[in-house]
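[1] Quick check, what structure comes out for this input:
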Amino acid sequence: MDGHGRSGEQQLVRQSNPEAASDAEFAARRLDRNSREIVYGVVPRNFDPPGFAGVMARLDSMAEFGVTSLWLTPITPTVPGAFGYEVLDYTDIRPDYGTKEEFRALVNAAHAHGMRVLLDIVPNHTSAEHPFFLDTVQNGKESPYLDYYDRDEAGTPTHYFSWDHLPNLNVDNPAVQQFIHDAFAYWMREFGVDGFRIDAIWGIRQRNPQYLASLVQALREINPDVLLIAEASARDPYYAASDFDAAYDWTDELGHWAWRDVFGGARPPGEALTDAITNEGQGYRPDALVMRFLNNNDTGPRFLTTHGVGCYRAGLAMLLTLPGIPCLFTGDEVGAAYEPYKTPGPIDWTERHGLYDDTRRLIALRGGIPALSSRAWAPLRASPADAHFAYLRGDEESGQAVVIVNFSPEETMGTVQLPGELATGK
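    Take a look at the predicted model:
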């Protein structure tokens, strides 16, 4: 094992030796470990064959190019034809993906490859076709589940955005709180799941932030090393303060990718990226990890389709050399062109543009240079500014590395202004 699997030497199982480190020391080690993660977003229906069998068939490939954690988009039963965030049952498996025995085999195989397994859980809302909500529709005030759902002053259910097929759960209700906790605990205890990407967690943060913080602590009582990624902005200090491991590379605007307006705009990419990554000079909380991505389930057409292969290579280089947790997504390593919500079956896994080798080399570079896994970075002045983006990675403890990204379609000559101690070789 390489330290990322359940039996790896560096696995942080604190229960076995509770006096081995203070809470602060343990948290620091967990943060350092998570800084070395490479997450891969898995949409099982887009594998070939669809479901757990197709994912299992590609485990060797994903391990070979350096993935350390698999994030499986929702695997629980959903309405026909849906992607999966329309939950019908929190503790079962959608039949088109496989059986519980096949999922258990997938988790065990991933662990044998040194990879953690993360599930996508949706505690904010259910489908309007969930049995609990249907009972409220059929039985009204006589339904035992009436108070399971959030309601406005008129008693009308509130919804995820304005989508009436996704009613919000009432997270002020202790019975709902226990229901949500039990759903997370089931996958951890029964299958050895190592963590979660928690969908729409910003909704619970808005309605009951105290409960959300207590849920995180309850999950850490089951496994102190559980990896918890919030689908929310890392710029909100609440998530790091509440002991989430990472949150998304969003602006303060809900769901707005920080890099979205950088490419192809009027400003030089280095200037625009510096503002995007540093939160316009405000900075992120020092102990907050940012989940960075070029593609995910919500980004529609793939980055390569929108911006071209050259820009994708530059973006991939940044993704895998900036601090935080980089997230690749289904088909990124082969340049697959599709849209997750619109593509219900297997994608074309034909390798394109040499991207598989590019991805493998960049991940190996990140793992081989300690500075690239540190949380320290600083932008550097580069010229010509319309072609280059440069930054310094690392610190005295990890060592330092300079990264220069070329956004020009051609090879270019340029200069980078180094800090004084580096420029003089001290």
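
[2] so how far is stretch 204-216 off the chain centroid?
    Chain-centre distance of stretch 204-216: 19 Å, with Cα atoms, centre = their mean, to the nearest Å.

[3] What are the buried residues along that stretch?
    204-205, 207-208, 211-213, 215-216 (16 or more other Cβ atoms under 10 Å). To be clear about C-beta, it is placed using only N, CA and C from the backbone, and glycine gets the same treatment.

[4] Those: which two are farthest apart?
    Farthest-apart pair in the buried residues of stretch 204-216 is 207 and 216; separation 15.7 Å (Cβ to Cβ).

[5] will you turn the buried residues of stretch 204-216 into TSV that also has secondary structure and distance to residue 26?
    Below are the buried residues of stretch 204-216 laid out as TSV (DSSP: H, G, I helix; E, B strand; the rest coil; distance: Cβ to Cβ, whole Å):
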residue	secondary structure	distance to residue 26
204	helix	26
205	helix	25
207	helix	30
208	coil	27
211	helix	24
212	helix	22
213	helix	18
215	helix	20
216	helix	15
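
[6] What is the end-to-end distance of stretch 192-210?
    End-to-end distance of stretch 192-210: 27 Å, with Cα to Cα, to the nearest Å as the criterion.

[7] What are the boundaries of the strands in the stretch 51-200 of the chain?
    In the stretch 51-200 of the chain, the segments counted as strands under DSSP state E, counting those that start in this stretch are 69-72, 116-121, 159-160, 163-167, 195-198.

[8] Kindly report the same for the stretch 301-426 of the chain.
    So, for the stretch 301-426 of the chain - with DSSP E, counting those that start in this stretch - the strands run 325-329, 377-383, 388-395, 399-406, 415-417.

[9] Can you add mean neighbour count, distance to residue 175 and mean pLDDT and give the ones you listed back as JSON lines?
    JSON lines is the format used below for these (neighbours: other Cβ atoms under 10 Å; distance: least, Cβ to Cβ, whole Å; pLDDT from 0 to 100):
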{"stretch": "strand 325-329", "mean neighbour count": "24", "distance to residue 175": "34", "mean pLDDT": "97"}
{"stretch": "strand 377-383", "mean neighbour count": "17", "distance to residue 175": "45", "mean pLDDT": "90"}
{"stretch": "strand 388-395", "mean neighbour count": "21", "distance to residue 175": "48", "mean pLDDT": "93"}
{"stretch": "strand 399-406", "mean neighbour count": "17", "distance to residue 175": "51", "mean pLDDT": "94"}
{"stretch": "strand 415-417", "mean neighbour count": "13", "distance to residue 175": "59", "mean pLDDT": "91"}
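
[10] Same list, the ones you listed, but as CSV with distance to residue 304 please.
    Below are the strands of the stretch 301-426 of the chain laid out as CSV (distance: least, Cβ to Cβ, whole Å):
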stretch, distance to residue 304
strand 325-329, 11
strand 377-383, 24
strand 388-395, 19
strand 399-406, 16
strand 415-417, 27
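
[11] shouldn't residue 293 be in contact with residue 327?
    Yes: at 4.4 Å, residue 293 counts as touching residue 327 under the criterion of Cβ atoms under 8 Å.

[12] that older thread, so which of the strands of the stretch 51-200 of the chain is nearest residue 183?
    Of the strands of the stretch 51-200 of the chain, nearest to residue 183 by Cβ to Cβ is strand 116-121, at 6.6 Å.

[13] Which elements pack onto that closest one?
    strand 69-72, helix 100-112, helix 174-191, strand 195-198, strand 227-233 (3 or more Cβ pairs under 8 Å, 6 or more residues apart in numbering; DSSP states H and E).

[14] what lines up beside it in the sheet?
    When pairing is defined by DSSP bridges, strand 116-121 lines up against strand 69-72 (parallel), strand 195-198 (parallel).

[15] Pull the residues that contact that strand.
    Strand 116-121 is contacted by residues 4-6, 37, 39, 68-75, 84-85, 90, 106-107, 110-111, 183-184, 187, 192-199, 227, 229 when judged by Cβ atoms under 8 Å, 6 or more residues apart in numbering.

[16] Please report how far residue 225 lies from residue 132.
    Distance of residue 225 to residue 132, given as Cβ to Cβ, to the nearest Å: 32 Å.

[17] next one: residue 173
    11 Å.

[18] Repeat that for residue 365.
    Here residue 365 is placed at a distance of 49 Å from residue 132 (Cβ to Cβ).

[19] who has more neighbours, those two?
    residue 132 (19 against 16; other Cβ atoms under 10 Å).

[20] Now the more buried one. Nearest residue, chain neighbours left out?
    Among residues not flanking residue 132 along the chain, residue 145 sits closest, at 4.1 Å (Cβ to Cβ, 6 or more residues apart in numbering).

[21] Show me the shaky parts of the protein.
    1-21, 279-284, 286-287, 421-426 (pLDDT under 70).

[22] List the contacts of stretch 264-274.
    259, 261-263, 307, 318, 379, 382, 385-386, 388-390, 407.

[23] Can I get these in a markdown table including distance to residue 275?
    Formatted as a markdown table, those follow (distance: Cβ to Cβ, whole Å):
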| residue | distance to residue 275 |
| --- | --- |
| 259 | 10 |
| 261 | 10 |
| 262 | 9 |
| 263 | 14 |
| 307 | 19 |
| 318 | 14 |
| 379 | 10 |
| 382 | 15 |
| 385 | 13 |
| 386 | 16 |
| 388 | 16 |
| 389 | 12 |
| 390 | 15 |
| 407 | 16 |
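
[24] And those residues, which is closest to residue 357?
    residue 318 (18.0 Å).

[25] and the closest one, how many neighbours does it have?
    Neighbours around residue 318, by other Cβ under 10 Å: 20.

[26] Then the one 4 residues further on?
    Using other Cβ under 10 Å, the number of residues around residue 322 comes to 19.
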